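In: Fold the following.
(2 chains)
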Amino acid sequence: MPKYYDTEIASRLMLGTAQYPSPAILAQAFRRSGAGIATVSVRREAGGERAGQAFWDMIGDLGVHVLPNTAGCHSVREAVTTAQMARELFDTSWIKLEVIGHADTLQPDPFGLVEAARILTDDGFQVFPYCTEDLVLCERLVEAGCRVLMPWGAPIGTGLGLNNIYGLRSLRAHFPDLPLVIDAGLGVPSQAAHAMELGYDAVLLNTAVAKAGDPAAMAEGFASALEAGRLGYEADPMEPRDMAAPSTPVLGRAFS
Amino acid sequence: MKITVNGTARETTAPTLDALLQELGYGAAKVATAVNEDFVPAAIRPEQRLNDGDRVEIVAPRQGG
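Out: A predicted model of the protein is given here:
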């Protein structure tokens, strides 16, 4: 099972907590999938609102690890300050670092990401960077102190799956011992199984589950796909080939 | 003095960040704070003086992906 900064998690699924039809359905999705990590955020709160406390209590009841994000931050300064506020609120040094570089694709700003990762690592954070599959960027992030990488499969919320299989495969080959998590872009369980077959350690989902007609069933479907895909990876699959090869013995065929 | 709290302009006489939180009814709410985009830890709020034009952010745990 994956280990993030010396913490082993008994699940290959990280699940977001946003956009569910209700808190009860959110809780069902966690229960049925066995997700081990919940991603959360910080947002403005008005005096007397107390929504933060209610949400915090609900997450506490799930009994999972909490991974706060810096979602929506477009600058290094915003991301660093948001991470610091999240650390105090959630009492964890884990941070899913997002520095968004483009409004249309919500893709990471690689330059700001590396800078923020370095600042936060030096400040004692354990950084989970939301990144692209760019190998040089990922090397820079590791140099900055990241011990886990979270490349996107496709842009956030699109459900397009794994857009660059070659890039993801070469990333796995270059970092054989680093936990690699597909963060964003998955829509259906087969895509998660594919990520596992590529040797990835985990996936992070939110929209695919929360916006499904039956979020709890979809969460369980993803959990099953992760297990199936991982087993397939560990079982050392056959090599694909172009020409057909009979599986039934040729020797002894009638009429031969 | 005139400050901005979570993007909204307001008048306050609160001398410190801690006093502002009390004035706005946060009480013992689970919130984190920043002034002018710098994080202000909870323990520092009583010493964090407010000045005209300061931009205060007050955030709490929320759903996220």
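
In: and the end-to-end length of stretch A:144-158?
Out: This stretch, stretch A:144-158, spans 29 Å end to end (C-alpha to C-alpha, to the nearest Å).

In: Leaving out the residues flanking it, which one is nearest to A:Phe30?
Out: Nearest residue to A:Phe30, sequence neighbours excluded (C-beta to C-beta, 6 or more residues apart in numbering or on different chains): A:Leu62, at 5.1 Å. The way it works is simple: take the backbone N, C-alpha and C, and place the C-beta from them, glycine included.

In: longest single strand anywhere in chain B?
Out: Secondary structure of chain B per DSSP state E: the longest strand is strand B:55-63.

In: now for it, which elements pack on it?
Out: Counting contacts by 3 or more C-beta pairs under 8 Å, 6 or more residues apart in numbering or on different chains; DSSP states H and E, strand B:55-63 packs against strand A:37-44, helix A:51-62, helix A:76-90, strand B:2-5, helix B:17-23, strand B:32-35.

In: Could you export these as a markdown table, including mean neighbour count?
Out: Converted to a markdown table, those look like this (neighbours: other C-beta atoms under 10 Å in any protein chain shown):
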| stretch | mean neighbour count |
| --- | --- |
| strand A:37-44 | 22 |
| helix A:51-62 | 16 |
| helix A:76-90 | 23 |
| strand B:2-5 | 16 |
| helix B:17-23 | 19 |
| strand B:32-35 | 22 |
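
In: Out of those, flag the one nearest A:Met243.
Out: Ranking these by proximity to A:Met243 (C-beta to C-beta) places strand A:37-44 first, at 44.2 Å.

In: Counting by contacts, list what that closest one packs against.
Out: Counting by 3+ C-beta pairs under 8 Å, 6+ apart, strand A:37-44 packs on strand A:13-16, helix A:51-62, strand A:65-68, helix A:76-90, strand B:55-63.

In: Which residue is the nearest non-sequential neighbour of residue 33?
Out: Because you didn't say which chain, this covers chain A. Excluding the flanking residues, the one nearest A:Ser33 by C-beta to C-beta, 6+ apart is A:Ala219, at 3.7 Å.

In: Chain B, not that one
Out: The nearest residue in space to B:Thr33 (C-beta to C-beta, 6+ apart) is B:Val40, at 4.8 Å.

In: quick one: contacts for the closest residue to chain A within chain B?
Out: Relative to chain A, the nearest point of chain B is B:Ala60 (2.4 Å; C-beta to the nearest C-beta). Counting by C-beta atoms under 8 Å, 6 or more residues apart in numbering or on different chains, B:Ala60 touches A:42-45, A:49, A:51-53, A:55, A:89, B:29-32.

In: Give me the buried positions along the helix or strand hosting A:Ser170.
Out: Applying DSSP states H and E as the criterion places A:Ser170 in helix A:165-174. For helix A:165-174, the neighbour count (16 or more other C-beta atoms under 10 Å in any protein chain shown) marks A:167-168, A:171-172 as buried.

In: same deal with stretch A:183-195?
Out: Buried residues in stretch A:183-195, defined by neighbour count with 16+ other C-beta under 10 Å: A:183-187, A:189, A:191-195.

In: try stretch A:140-157
Out: Residues A:140-142, A:144, A:146-157 are the ones in stretch A:140-157 that count as buried (16+ other C-beta under 10 Å).

In: quick check, that stretch touching chain B?
Out: Yes. Applying C-beta under 8 Å from any C-beta of the partner chain, one finds that stretch A:140-157 is in contact with chain B at A:Ile156.

In: Quick one: end-to-end distance for that stretch.
Out: 26 Å.

In: What mean pLDDT does it get?
Out: The average pLDDT within stretch A:140-157 is 97.

In: what does stretch A:63-80 give?
Out: 97.

In: what mean pLDDT does stretch A:180-195 have?
Out: Mean pLDDT, stretch A:180-195: 97.

In: Measure how far it is from the centre of its chain, please.
Out: Relative to its parent chain, stretch A:180-195 has a centroid offset of 8 Å by C-alpha atoms, centre = their mean, to the nearest Å.

In: Adding distance to B:Arg10, write the helices and strands packed on strand A:37-44 out as a markdown table.
Out: As requested, the helices and strands packed on strand A:37-44 are exported to a markdown table (distance: least, C-beta to C-beta, whole Å):
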| stretch | distance to B:Arg10 |
| --- | --- |
| strand A:13-16 | 33 |
| helix A:51-62 | 20 |
| strand A:65-68 | 28 |
| helix A:76-90 | 21 |
| strand B:55-63 | 9 |
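
In: nearest to A:Ala235, of these?
Out: Here strand A:13-16 is closest among the helices and strands packed on strand A:37-44 (C-beta to C-beta), at 20.4 Å.
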